[in-house]
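[1] next one to model:
(one chain, ligands or ions: 1)
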Amino acid sequence: MISKKKALEMVDVIDGMFPDAECELRHDNPFELTIAVLLSAQCTDVLVNKVTKSLFEKYKTPEDYLNVSLEELQDDIRSIGLYRNKAKNIQKLCQSLLDNYDGIVPQTHKELESLAGVGRKTANVVMSVAFGEPSLAVDTHVERVSKRLGICRIKDNVRQVEDRLCSIIPRERWTKSHHQLIFFGRYHCVSRKPKCEVCPLLDDCREGQKRLRAGLVKVDGA
Ligand code: SF4
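    Sure thing, here's the model as predicted:
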């Protein structure tokens with residue numbers, strides 16, 4: 001695992017690459033954001049946005065989601081992976097919002113995580129994007145990038161990755177860095193074919209150097 005100093009230098013480079021990174025899930029309020037994040041598990045933001053465009057016109061409140069049958073809601077989100085479970089979770093989430101929080105999305109991690117279908121990652125995103133509290137949610141991109149770069153260990157679980165990143169990056173940068181690491185993983189250090197040839201972090205990257213030695217990366221002069 002690389003030093004915290006080196007890791008922060010890498011985060012600074014990524015900061016320079018994606019200075020305007022932000023949440024790409026379309027939403028107008030904390031409730032819509034919570035639904036969008038719940039739908040985004042194992043699914044691209046682009047597809048979620050396509051579905052929520054009409055979904056959010058039809059469903060505006062927790063009551064709206066509960067006033068239709070599960071089958072109708074499943075139909076409305078059918079193009080999204082795991083739509084059956086996600087529809088169930090949305091209705092459970094809406095029920096617990098009405099039962100415990102007057103239908104309003106709560107503003108603490110603990111309360112958010114008490115809602116059906118809301119885990120630590122979703123709570124972190126809602127707390128940071130909707131309520132402005134610094135948070136560093138670890139999704140598939142953040143985890144992959146952190147491990148490839150050697151910022152954390154390959155065997156680390158999601159919580160260990162989050163703790164490590166939070167110990168390296170100043171608190172006031174957590175939210176921005178979260179979006180920047182996602183953009184870096186989504187558009188540059190992509191899952192199947194990372195752009196190592198043009199990566200400014202190649203010299204120090206654990207995965208990039210491994211790929212270079214294996215002949216998978218061709219750089220000028222090599
Ligand atoms: Fe990702 Fe390759 Fe850059 Fe490493 S060198 S961060 S694997 S793109």
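[2] my guess is residue 197 meets residue 218, correct?
    Yes. The criterion here is Cβ atoms under 8 Å, and residue 197 meets it with residue 218 at 6.3 Å. C-beta here means a position set from N, CA and C on the backbone, and glycine is covered the same way.
[3] these two: who's more crowded?
    Just comparing residue 197 and residue 218: by other Cβ atoms under 10 Å the higher neighbour count belongs to residue 197, 15 against 9.
[4] any regions of this protein where pLDDT drops low?
    Within the chain, the stretches with pLDDT under 70 are 221-222.
[5] interface residues of it facing the ligand?
    148-149, 188-189, 194-196, 199, 201-202, 205, 207-208 (Cβ under 6 Å from any ligand atom).
[6] export these to CSV and tack on neighbour count and secondary structure?
    Shown next, in CSV, are those (neighbours: other Cβ atoms under 10 Å; DSSP: H, G, I helix; E, B strand; the rest coil):
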residue, neighbour count, secondary structure
148, 20, helix
149, 23, helix
188, 18, coil
189, 24, coil
194, 22, coil
195, 13, coil
196, 22, helix
199, 19, coil
201, 20, coil
202, 18, helix
205, 22, coil
207, 21, helix
208, 24, helix
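[7] check those residues and tell me the two furthest apart.
    149 and 195 (13.8 Å; Cβ to Cβ).
[8] what's in contact with stretch 134-142?
    120-122, 124-125, 127-128, 146, 158-159, 161-162, 165-166, 169, 171-175, 177-178, 181-182, 184-186, 191 (Cβ atoms under 8 Å, 6 or more residues apart in numbering).
[9] could you rerun that using 6 Å?
    Stretch 134-142 is contacted by residues 121, 124-125, 127-128, 158, 161-162, 165-166, 171, 174-175, 178, 181-182, 185-186 when judged by Cβ atoms under 6 Å, 6 or more residues apart in numbering.
[10] now do stretch 47-54
    In contact with stretch 47-54 (Cβ under 6 Å, 6+ apart) are residues 26, 36, 39, 40, 77, 80.
[11] of the residues you listed, which belong to helices?
    With DSSP state H as the criterion, helices contain 36, 39 from among these.
[12] for the contacts of stretch 47-54, which one is nearest the ligand?
    Within the contacts of stretch 47-54, the smallest distance to the ligand is 22.3 Å, found for residue 40 (Cβ to the nearest ligand atom).
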